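K.L.:
take a look and give me a structure for this.
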Amino acid sequence: MTEGARASVVVAVPPARAFTLFTAGLGEWWPREYTWSQDVLEGIGIEPLAAGGLCVEHGPDGFTCHWGRVLAWEPPSRVVLAWQIAPSRAPEPNGEHASTVTVSFEAVDGGTRVVAMHAGFDRHGDGWEAYEAAMRSPQGWPYILQRYRSMT
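P.N.:
This next block holds a predicted model:
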């Protein structure tokens with residue numbers, strides 16, 4: 001078992017709103033520089049917003065990339081995603097090689113603590129150690145959650 005990558009932020013909205021902003025609002029806050037389309041990104045989201053939904057990026061000229069899928073959908077407390085992005089940053093279509101991202105939403109005084117726990121990096125195969133370290137670094141999940149918090 002690997003250590004994984006964990007990051008958290010507190011946002012000044014109740015859990016139901018925090019959950020909705022994280023999931024339905026993904027395209028509003030997800031860092032463009034963490035997509036394949038980057039400056040020409042047309043949209044990113046979870047389709048449909050339910051267990052089994054796909055995390056989808058849409059770019060120009062019909063470009064579509066599925067980079068994950070929803071394993072558990074428990075509003076307003078938790079969403080679990082299969083993270084199907086390989087250490088090389090290429091999409092990984094084989095779900096057996098996916099890590100998991102669990103995002104939890106817990107009421108705290110005046111808002112919600114949002115915790116992202118990214119685990120199972122070893123399932124990605126070669127290069128997983130550096131991948132895990134990168135997602136633990138300030139430019140990994142801490143950066144992603146700070147972008148989320150800036151949009152709440």
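K.L.:
where's the residue nearest the centre of the chain relative to Arg89, distance?
P.N.:
The centroid of the chain falls nearest to Val101 when counting by C-alpha atoms, centre = their mean (6.5 Å). Using C-beta to C-beta, to the nearest Å, one gets 16 Å for the distance from Val101 to Arg89. All C-beta spots, glycine's among them, are computed from the backbone N, C-alpha and C.
K.L.:
state the distance from the residue nearest to the centre of the chain to Ala5.
P.N.:
Taken as C-beta to C-beta, the span from Val101 to Ala5 is 9 Å.
K.L.:
got it, and Gly59?
P.N.:
26 Å.
K.L.:
which one's more surrounded, the two?
P.N.:
Comparing Gly59 with Ala5 by other C-beta atoms under 10 Å, the one with more neighbours is Ala5, at 22 against 17.
K.L.:
who touches the more buried one in this structure?
P.N.:
Ala5 makes contacts with Ala116, Met117, His118, Ala119, Phe121, Glu132, Met135, Arg136, Gly140, Trp141, as judged by C-beta atoms under 8 Å, 6 or more residues apart in numbering.
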